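1. Quick one: sequence plus predicted model below, questions after.
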Amino acid sequence: MYKFIIITVLCNMLFAVNTKSQDLIFYNNNKDTIKCKIINDKVQYLEYKLLNDTILHKIFQDQYDYYVQQNEAVKNELTNNKEFIVPNLITTDTNKISSANNLTHPKYPQFGTGFGMGLDYGGILGIRISSLPNKYLTVFFGLGYNLNDAGANIGALFRIAPKQIICPYFGIMYGYNAVIVIVGADNYNKTYYGSSVCFGLEFRSKKLTNYFSLGLNVPNRSESFEKDLQSLRQNPNIKITQEPPDALITLGYHIILF
């Protein structure tokens, strides 16, 4: 009899400890959660077991936003969300399996700064202040030196695959997009403004929020610039050593502050 009581008490204690230590998986609808024990993070999917269950379940990364592994001391209002299990989570459908390059899902909005070269950084060297209100959109302001004076641009980028380590993007901006610099004849020096389109790639890490970017800026140069450039070409006292390229490289390193 006493042995039975002791065994019962020990089982209850183990069950209580188990219920105090549970993991949470948050679906990408910002509403529902799964209370479980996470067994493995396979990058493409999570393997987990429900509490008091021995069946191994899977949930793929396009079905959840993020997860937390918590104990009694790690609680917040998110634990009050409704919990449920979506049926048929175990699937061999290859369309459901995200690339092995998938990122763990960061939180948004984000705010950061970066430095680099290109029109979106204001010139050959500059800084860029960026805000990511959600995972698909980046708005930015760039300020730098363009060999003549300060150059600036403001714009927005659309991130095509924000969950991937290599994320393509495209966007548009307005500001400095051309400059004329004549050595020894500063009266010809001038900065020109207009719109530009841009596209490129972001290179991220599975663990770090900071990232590199590499792309091209294609300026829509103003009629004023084209007119002044043509006038210089016809000036016998001016020797043009470099024609303006149709597209300009942009390269930068970005730091997420919060």
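-> Sure, I can see it. Numbering: from 1, shown residues only.

2. Is residue 64 bridged to anything, and to what?
-> Beta-bridge pairing of residue 64 under DSSP bridges involves residue 27.

3. OK, contacts around it?
-> 25, 26, 27, 28, 46, 105 (CB atoms under 8 Å, 6 or more residues apart in numbering). C-betas here are computed from N, CA, C, even on glycine.

4. 6 Å - rerun?
-> Contacts for residue 64 (CB atoms under 6 Å, 6 or more residues apart in numbering) come out as 25, 27, 28.

5. Next, the most centrally placed residue in the chain: secondary structure please.
-> A centroid search over the chain (CA atoms, centre = their mean) returns residue 162, at 5.5 Å, as the residue closest to the centre. For residue 162, the assignment made with DSSP: H, G, I helix; E, B strand; the rest coil gives coil.

6. mind checking pLDDT for the nearest residue to it once chain neighbours are set aside?
-> Excluding the flanking residues, the one nearest residue 162 by CB to CB, 6 or more residues apart in numbering is residue 135, at 3.9 Å. On pLDDT, residue 135 comes in at 89.

7. so where is the stretch 151-258 of the chain shaky, pLDDT-wise?
-> Applying pLDDT under 70 to the stretch 151-258 of the chain flags no residue at all.

8. now the helices for it?
-> Ranges of helices in the stretch 151-258 of the chain, per DSSP state H, counting those that start in this stretch, are 223-233.

9. need the strands for the stretch 101-250 of the chain, in chain order.
-> Here the stretch 101-250 of the chain has its strands, by DSSP state E, counting those that start in this stretch, at 110-118, 123-134, 137-145, 150-159, 166-180, 190-203, 211-219, 248-256.

10. Mind checking those strands for the one nearest to residue 39?
-> strand 166-180 (28.6 Å; CB to CB).

11. hey, what's residue 159 bridged with?
-> Per DSSP bridges, the residues bridged to residue 159 are residue 169.

12. what do you get for the one 5 residues further on?
-> When bridges are called by DSSP bridges, residue 164 pairs up with residue 102.

13. That one - how many residues pack around it?
-> Burial of residue 164 is recorded as 17 neighbouring residues (other CB atoms under 10 Å).

14. for residue 29, same thing?
-> Count around residue 29 with other CB under 10 Å applied: 9.

15. again, but for residue 207
-> Neighbours of residue 207 (other CB under 10 Å): 7.

16. domain ranges for the chain?
-> 2-96, 110-256 (automatic domain parsing).

17. centre of the chain versus the last one, how much separation?
-> Put simply, domain 110-256 sits 19 Å off its chain's centre (CA atoms, centre = their mean, to the nearest Å).
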